[in-house]
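Chemist: need a structure here:
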Amino acid sequence: MRMILTFAAPLLALATASSTLSAGGAMPDPTREYNQNVDCHNAYDRLVAEKKAGTSPSAAALVWAQSYEAGANAGTPCPAPLPEMTARGGNWYIRTTEGRDAALAYAQKQKDPAALSEIGHAWINSSVAGGTPQDGLALIEQAADLGDPVALYSVGTLYGAGIIGGKKDPAKAFELLSQSAAAGHIDAIYRTGLYYLEGIGTKKDPKKAFAAFKSAAERGHFYAVIMAFDMINSGTGTRKDFDLAYRLSRIVADQGEPYGAVMAASSLLQLKNPLPHEDEILYWMDEGIARGDDNIRGQLIPLRAQVVGAFTKSKAPPEYKPRVFKACPMKTVCLVNHYSGLQSCTTNKDYWSDCDG
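Modeler: Numbers count the residues shown, from 1 in each chain. Alright, predicted model coming up:
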């Protein structure tokens, strides 16, 4: 048993090393953003754009659009997007003149933070005419001052990169990202975890880092799952729990990511008694070799040979498939936007609970 466990360390080291890679079948993209921002302004603009493209909106959407336009003219708060709009998700930049003008009316008459943020991001990304990127940044900073989560995240990120102020300001970046995270911005939650983990702009705090990664992962942030896995495996900021590490690895592996196969094999090898799991360990190692990049294959192949030497077989049966988890209740996490009062929810499979228990 002791000899088997010695193989888990290099496999885990391979997993950790792979976390710096983002292409070639090694690792999911760590820069991908997951926050889904659907508000009344981009929902209206999307409706206008689709109508221009020949898509007929639903009767309910037409009534909603009339209510939105009336609010812009009257200086009253905009209506909450319909469920059919929020269900589509995505991050839509305003791109029609009608959407721009309506959002500008909300921004000018009411100082609506979301409207300021939407116009600002549209001008920064040049998706609609009417302002320069510099004009857009000014509006986003106004929106951040008013507490818009998306604007807080953007401005915080720019401070962290040194784009605002001419030099990096990690403390200011952390302050703004923390405010955005508190308002429920998924990517801000994840990024504060990185700041806590590395001690950037704040005191190093692995426990708070793990809590942030767990919170982001529960809301659907794929890379936060991987960061939480690494911390669970190393016992950083939380206790080692290889059963939980395995469940998290399945989030990644079940989506066809080669790195998930490495994660799963590593977790199973570190169990107190990995021999009952040799079919699955060999299965995941072979999956990593088949779908990984040259770096993963070059290290997994010799490591697999050592593992086979300690096992009772050289490969999993051809028909073998990893066990299916018992059905866990889908976990829904909801947050309320402090400005609009609107509730947004994300529902994901609960891998944190042991439903096989």
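
Chemist: got the confidence number for residue 340?
Modeler: Looking at residue 340, its pLDDT stands at 51.

Chemist: nearest the geometric middle of this protein, what residue?
Modeler: For the chain, the residue nearest the mean C-alpha position is residue 221 (2.5 Å; CA atoms, centre = their mean).

Chemist: what about the helices in the stretch 51-200 of the chain?
Modeler: For the stretch 51-200 of the chain, the helices defined by DSSP state H, counting those that start in this stretch cover 59-74, 83-86, 97-110, 113-124, 133-145, 149-161, 170-182, 186-198.

Chemist: next up, the contacts around the residue nearest to the centre of the chain.
Modeler: Counting by CB atoms under 8 Å, 6 or more residues apart in numbering, residue 221 makes contact with 34, 186, 187, 189, 190. Heads up, the C-betas are built off the backbone N, CA and C, glycines and all.

Chemist: lowest-confidence stretch among the helices of the stretch 51-200 of the chain?
Modeler: Lowest mean pLDDT within the helices of the stretch 51-200 of the chain: helix 83-86, at a mean of 91.

Chemist: residues making contact with stretch 82-100?
Modeler: Where contact means CB under 8 Å, 6+ apart, the residues beyond stretch 82-100 that reach it are 33, 35-38, 41-49, 52, 58, 60-61, 64, 103, 118-119, 121-122, 125, 127-130, 344.

Chemist: again, only this time at 7 Å
Modeler: Here stretch 82-100 makes contact (CB atoms under 7 Å, 6 or more residues apart in numbering) with 36-38, 41-46, 48-49, 58, 60-61, 64, 103, 118-119, 121-122, 125, 127-128, 130.

Chemist: select only the buried ones of the residues you listed in PyMOL?
Modeler: The following PyMOL line selects those of these that are buried, judged by 16 or more other CB atoms under 10 Å:
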select buried, resi 37+38+41+42+43+44+45+46+48+49+61+64+103+118+119+121+122+127+128
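
Chemist: circling back: tell me the most buried of the helices of the stretch 51-200 of the chain?
Modeler: helix 113-124 (a mean of 27; mean count of other CB atoms under 10 Å).

Chemist: name the helices or strands packed onto that one?
Modeler: In terms of contacts (3 or more CB pairs under 7 Å, 6 or more residues apart in numbering; DSSP states H and E), helix 113-124 is packed against helix 40-52, helix 97-110, helix 133-145, helix 149-161.

Chemist: possible to save the ones you listed as CSV with distance to residue 311?
Modeler: Listed next are those as CSV, based on distance: least, CB to CB, whole Å:
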stretch, distance to residue 311
helix 40-52, 54
helix 97-110, 61
helix 133-145, 56
helix 149-161, 47
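
Chemist: which of the ones you listed sits closest to residue 173?
Modeler: Nearest to residue 173, of all those, is helix 149-161, at 3.5 Å by CB to CB.

Chemist: pull out the CA atoms of that closest one and give them to me as PDB.
Modeler: Taking C-alpha atoms only, helix 149-161 is exported to PDB below (Å, rounded to 0.1, in the frame of the first residue of the first chain):
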ATOM      1  CA  PRO A 149     -21.000  44.800  -9.800                       C
ATOM      2  CA  VAL A 150     -20.000  44.500 -13.400                       C
ATOM      3  CA  ALA A 151     -18.400  47.900 -13.400                       C
ATOM      4  CA  LEU A 152     -16.700  47.200 -10.100                       C
ATOM      5  CA  TYR A 153     -15.200  44.100 -11.500                       C
ATOM      6  CA  SER A 154     -14.000  45.800 -14.700                       C
ATOM      7  CA  VAL A 155     -12.400  48.800 -12.800                       C
ATOM      8  CA  GLY A 156     -10.900  46.500 -10.200                       C
ATOM      9  CA  THR A 157      -9.300  44.400 -13.000                       C
ATOM     10  CA  LEU A 158      -8.000  47.500 -14.700                       C
ATOM     11  CA  TYR A 159      -6.400  48.700 -11.400                       C
ATOM     12  CA  GLY A 160      -4.800  45.300 -11.000                       C
ATOM     13  CA  ALA A 161      -3.300  45.500 -14.500                       C
END
